[in-house]
Structures are given as C-alpha cells and as structure tokens.
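Trainee: take this sequence and fold it.
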Amino acid sequence: MMFSSALLSFAIVGAITTYANALVIHAPSHEHTSTRRFVSGSWSQSRDHPVNALFKRAPAGTDGASYPAVGSSEWTAKYPSGGNTPDPKSLPQEWIAALNAAVAAGKIPNIPPSTLQNGNLAYPNNMNPNGPEICSSTYQCRSEDDIYDGPDGTFGISFDDGPLPPTTALVDFLEKNNETATHFMIGTNILYNPGQFERIWDYGGDCAVHTWTHPYMTTLSNEQVVGELGWTMQIIHDSTGGRVPKMWRPPYGDSDLRVRAIAREVFGMITVIWNQDTDDWSLTTGGQHSDAIDHDMDRWLTGSKTPGLIVLEHELSDQSVQAFMANYPKVKSNGWETESLARLFGGVSPYQNVNGDQVMPAHIYVSNTTTSASSSSSSSATP
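Mentor: A predicted model of the protein is given here:
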C-alpha cells in the first residue's frame, strides 16, 4: 500500500459542547494518586495482533524494506503537517478498518469524549470519571493494564515531548554515562526536528509514542485518537527501519477506558503513566523551580525502593534537561538500578516486531512467513 504524500487537512479540536448536567472537575497537570498499582511482568503483543499488518512498506532497511531518508522532502511529504489533530477522513483505510473491527467486536467501550472547558475536563450527563465505566487517569483512576510503577529497585529513565533542540545535550549526557532512555515522542516534533530524532536513534534510544500533536486524548473522537497514535507510530516505523513501538504515554496523563482500548486493540500498545512528577515542563514559565525538583528527587531517591520509580521528565527545555543531569548522580549513589523504561517491561526490546537483532516486516510478522516485503504503497508542548 502507499500512504498519500499529499498534505492533509485537519480538524480543529476547539469547539466545546456545554452539557447542562456535566460533571466538571479540575484537571491537574500531572498529579495522580490511587490505591492500585500495575503489577510488573512480561508484556508483549501477540504475533497475530492486527497491528502488525497496519504498517506495511515497500522494498533495504533493517526489515528488508526501503524508506525515504529521514528529513528528506520525500520523507516529509508523507505525513500531516501543521499543529492540529489530523483529519480522520485522510487516515489510511487499514487503520479505520482495524478500528471498526474492534468496535464491532465490543472491544472499544462506548464512552463519550470529554470536553475541555477552561482547563477542566468534563464528561456529559454527570458521568463519574473515576467510576468503572470511564476510569479516567486524569482523575486518579488506575487501570490494571497500565504501567505506573517500575519493578522494585529500578529507576525507569524516560523523557517526553522530544525530539527538540535540548535533546542533543540530553543524549550526549546519556551516552557519556552509558545510559539509554525511552523517548516518548511527539510526531510533529519528529517531523520538524529530524536531526534530533536521528541523534536519539543513533545513540540507541528507545522510541515510544506521545501522540502527533499532544492533545487531551479523551476529548477526541475514536477516529481522531487513531490519527494521533497512528501517524506517530507510522513516522517512527518509517524512520527506524520498520520498528513498531510497543508503548505510548498520553499527554497530560489523560486517558480513559476508551482511549486505552483503541491504543491496545488497534495498535497493540500499552499505556504508560508515571508515579512521580517533577513538573519540569513549567521551569521556563516560573511554575516550577530547580531547587524544588532537587528536593523532590532527594525525597524519592532516599525513600522506599518499592515500587520502582517512573518519574515524569521532559526534554522540552534546557532547564528540564539540566534538572535531570543535576539529579542523575543521586539516582546512582542511592543504589537504584537504571534502565530505559521500555526495557523494564516485556523483555529487552521496546518494539513489537523485534526479536534480538531481527526486525520482522509487519505483514511477515503477522503471517510468520519468510517472504520478502511486498510493495505497498514544532509542536512545542507541555506535560
């Protein structure tokens, strides 16, 4: 199949519907508390999951396919431009078919989108976001299928919002200290910062999904959710020799049972949140200060090693990168085992279709054959 290289139009997600009986609760930027935690263990997408048929490409990368050079005009033309959620009418039909099949099978809960009203998320008809019908992570409900906590004694290294100019200094530091991180990437930031993306890839960083434009995901329609996830997976797939990301992190931590189900059933991804938050995204606005981050890190790192730490950090600014670098020695001196977050769960690969050094082309992965690949067709954000 061939994905259209034409520039796509976009649906502006801005119209706010007012519900007379809406339950409006203040949406904290990142805070999450609960009494349940994810039980760490092996997780991998089954070979026959349809995600492996959604990212087919034509033939000599590591999966036997050929791809446009990252940053080239041919590469750039393949993806939506601009800063709004991609138009659902322009989605590849394979994605829509996979969504429709999941809906028809009853695998996608029929939850209405929330609305964003002056920074507050609301569900219609007095629906309780903490109830079992919705289980909104924004409102402190944890799904047992999501990852919040690391294995005991571990510090899972990850960063949101890249690639951006500060990525270069971050990667230099990680490489110098023989560390690898999981980079939850914004698709448009990959598109507009290909050099920083290649720096991540070249040092061995693990690529994960942070959506195409960094929206509140529960405010989107099913099709818009597919576009935000799918295009980010597609640009990562096409820019890494055919690798399919295993994990995604919702912007602002905003997901619910519907959004999680789409990520899982359509694209085979598991949702990753965090159990501590530095608020480093607001260092440039005065909402957070480096000494406060230092204090919080001291407290977390000298505290219990049960559960392991998954700390929300960003490669968004020079200040946020510096905050990580300043506190990294404390992580080691306090005896934490450091590892790229994605490698703490489901084996050593952060990708669904990688086994050791072998990258299986998507359609080969699903059919388990050995045939060659068939011919087929700056978003600056906060949390």
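
Trainee: separation between N126 and S143?
Mentor: Distance of N126 to S143, computed by C-beta to C-beta, to the nearest Å: 22 Å. C-beta: built from backbone N, CA, C; applies to glycine.

Trainee: between these two, who's got more neighbours?
Mentor: S143 (20 against 11; other C-beta atoms under 10 Å).

Trainee: my guess is that one contacts I134. True?
Mentor: No - S143 is beyond contact range of I134, at 10.6 Å (criterion: C-beta atoms under 8 Å).

Trainee: now the common contact residues for these two.
Mentor: L257 (C-beta atoms under 8 Å, 6 or more residues apart in numbering).

Trainee: all strands for the stretch 101-250 of the chain, in order.
Mentor: 115-117, 120-123, 154-160, 182-185, 206-209, 247-248 (DSSP state E, counting those that start in this stretch).

Trainee: D256 is nearest to which of those?
Mentor: strand 120-123 (8.6 Å; C-beta to C-beta).

Trainee: what helices or strands is that closest one leaning on?
Mentor: With contacts defined as 3 or more C-beta pairs under 8 Å, 6 or more residues apart in numbering; DSSP states H and E, strand 120-123 has these neighbours: strand 23-26.

Trainee: could you list the residues in contact with stretch 281-297?
Mentor: Under C-beta under 8 Å, 6+ apart, the answer for stretch 281-297 is 29, 160-161, 276, 278-280, 311, 314, 316-317, 319-320, 322-323, 326-327, 330, 382-383.

Trainee: list phi and psi for L344.
Mentor: Reported as degrees, to the nearest 10, the phi and psi values for L344 are phi -80, psi -10.

Trainee: so it touches P151, yeah?
Mentor: Yes - the pair L344 / P151 is scored as a contact, 5.9 Å apart, by C-beta under 8 Å.

Trainee: circling back to that earlier point, out of the strands of the stretch 101-250 of the chain, flag the one nearest S90.
Mentor: Ranking the strands of the stretch 101-250 of the chain by their distance to S90 (criterion: C-beta to C-beta) puts strand 206-209 first, at 19.1 Å.

Trainee: off-centre distance for that closest one?
Mentor: Taking the mean of its C-alpha atoms, strand 206-209 sits 7 Å from the chain's own mean (C-alpha atoms, centre = their mean, to the nearest Å).

Trainee: show me what that strand is packed against.
Mentor: strand 182-185, helix 222-239, strand 247-248.

Trainee: how about a cut-off of 10 Å?
Mentor: On a contact count with 3 or more C-beta pairs under 10 Å, 6 or more residues apart in numbering; DSSP states H and E, strand 206-209 meets strand 154-160, strand 182-185, helix 194-203, helix 222-239, strand 247-248.

Trainee: would you list those in JSON lines and tack on mean pLDDT and distance to G82?
Mentor: Listed next are the helices and strands packed on strand 206-209 as JSON lines, based on pLDDT from 0 to 100; distance: least, C-beta to C-beta, whole Å:
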{"stretch": "strand 154-160", "mean pLDDT": "99", "distance to G82": "21"}
{"stretch": "strand 182-185", "mean pLDDT": "99", "distance to G82": "17"}
{"stretch": "helix 194-203", "mean pLDDT": "98", "distance to G82": "17"}
{"stretch": "helix 222-239", "mean pLDDT": "97", "distance to G82": "12"}
{"stretch": "strand 247-248", "mean pLDDT": "98", "distance to G82": "21"}
